[in-house]
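K.L.:
Provided below for reference: sequence and predicted model.
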Amino acid sequence: MDTTQLQAFVEIVEQGSMSAAAERLHLTQSAVSKRLQTLEQLLGNQLLDRIGRSVQLTDAGQRLLPIARRILADLDLARQAVQHSPSQVRGALNLATSHHLGLYRLPEVLSRFTRRYPAVDLNLEFMDSEEGCDAVESGRLELAVITLPRAPSSRLITQSVWDDPLALCAAPDHPLHQTGTLDIEQLARHPAILPDRRTFTHRLIADALARAGAEPQVRMSTNYLETIKMLVSIGLGWSALPRTMLDAGVTALPLDMGIRRTLGTAVHRGRTLSAPARAFLATLGADAQSRA
């Protein structure tokens with residue numbers, strides 16, 4: 001067994017097909033298929049089921065995947081340690097973040113990081129915070145900058161970076177702004193536009209209303225906060241958005257539910273972080289301290 005076989009296996013799983021893995025590895029599809037077949041023969045087990053153009057993990061493949069990812073990650077760490085001195089930070093950094101964080105919190109951090117560490121190959125993947133946690137926990141990505149779950153997996157180490165208070169909000173001409181005083185019962189009678197109920201943010205909002213004995217009437221769901229802001233601004237419903245997003249088109253309602261998110265980082269408890277990951281966390285921490 002060699003690492004090229006493990007790499008082919010992992011890429012097929014992550015890309016979802018032989019052809020996509022071949023393109024990513026700059027190999028022919030037959031070469032990738034041959035590496036997988038050799039690995040399966042060596043292990044005496046079929047690792048993937050080929051169903052049409054897609055692939056699915058067998059039980060043996062599911063057991064091998066986290067081990068293969070760990071071997072490849074450790075090999076990359078060994079390569080960095082041998083080839084470069086500690087003062088030279090280089091190599092790949094696979095980082096997950098949400099669209100909101102990428103737009104509002106990370107631009108200056110990313111700019112400072114790439115200027116200081118130009119030899120780092122930064123692979124930035126945008127995804128929901130829940131997916132980011134899963135990607136780190138599975139070993140596919142090294143680091144996530146996300147909305148932190150209230151009860152993270154025991155396999156993750158999370159670190160708070162930003163406090164993110166949310167405000168109940170609506171368009172300035174929405175009926176909820178015309179009531180003078182506003183209570184939770186009045187709010188619940190109007191349709192809401194919220195993230196999907198599976199998201200950390202939706203749970204925070206729904207739980208805050210539930211504690212007051214109310215349940216939101218969700219008119220639409222989308223996980224892009226910028227889209228929610230647009231829908232709110234044209235009067236389609238109320239929502240709860242980060243206070244940093246409010247402006248003349250979307251204004252806070254006169255009802256404070258004390259809803260707040262914690263934004264921060266997640267890494268795998270059992271993973272030794274690469275030099276690029278450690279450098280990024282240091283850059284992120286320095287930026288947060290400068291804004292405190």
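P.N.:
The structure has been received and is ready for your questions. Numbering: from 1, shown residues only.
K.L.:
L101 touches V145, doesn't it?
P.N.:
Yes. Shown here, L101 and V145 form a contact pair, counting by Cβ atoms under 8 Å, at 5.6 Å. Where C-beta positions appear, they are placed from N, C-alpha and C, glycine not excepted.
K.L.:
any common contacting residues for these two?
P.N.:
By the contact definition Cβ atoms under 8 Å, 6 or more residues apart in numbering, L101 and V145 are jointly contacted by L263.
K.L.:
those two: which is more packed in?
P.N.:
Between L101 and V145, counted using other Cβ atoms under 10 Å, V145 has the larger neighbour count: 28 against 24.
K.L.:
helix, strand or coil for the more buried one?
P.N.:
The local conformation at V145, judged by DSSP: H, G, I helix; E, B strand; the rest coil, is strand.
K.L.:
ditto for R198
P.N.:
coil.
K.L.:
for L124, see how far away the closest residue in space to it that isn't next to it in sequence is.
P.N.:
Distances taken as Cβ to Cβ, 6 or more residues apart in numbering put E130 closest to R198, at 6.6 Å, once the chain neighbours are dropped. Distance check for E130 against L124: by Cβ to Cβ, to the nearest Å, it reads 18 Å.
K.L.:
the more surrounded of these two?
P.N.:
Here E130 and L124 are compared on neighbour count by other Cβ under 10 Å; more neighbours surround E130, at 18 against 13.
K.L.:
ok, now which ones touch G258?
P.N.:
Going by Cβ under 8 Å, 6+ apart, G258 touches A208.
K.L.:
again, but for T4
P.N.:
Each residue near T4 by Cβ under 8 Å, 6+ apart is listed here: R35.
K.L.:
host element of it?
P.N.:
For T4, the enclosing helix or strand under DSSP states H and E is helix 3-15.
K.L.:
next: A20.
P.N.:
Secondary-structure assignment from DSSP H and E places A20 in helix 18-25.
K.L.:
how about L95?
P.N.:
Counting by DSSP H and E, the secondary-structure element that holds L95 is strand 91-97.
K.L.:
ok, now L124?
P.N.:
When elements are assigned from DSSP H and E, L124 belongs to strand 120-126.
K.L.:
quick check: P254 touching Q186?
P.N.:
No. Assessed by Cβ under 8 Å, P254 is found out of contact with Q186, at 10.6 Å.
K.L.:
mind checking pLDDT for the residue nearest the centre of the chain?
P.N.:
Closest to where the C-alpha atoms of the chain average out (Cα atoms, centre = their mean) is G132, at 2.9 Å. The per-residue pLDDT reported for G132 equals 94.
K.L.:
show me the contacts for it.
P.N.:
If a contact means Cβ under 8 Å, 6+ apart, then G132 has A96, T97, S98, L141, A144, V145, I146, A266 as its contacts.
K.L.:
tell me what the closest residue to the last one other than its chain neighbours is bridged to.
P.N.:
The shortest distance from A266 to any non-neighbouring residue, by Cβ to Cβ, 6+ apart, is to A144 (4.5 Å). A144 has these beta-bridge partners by DSSP bridges: A96, A266.
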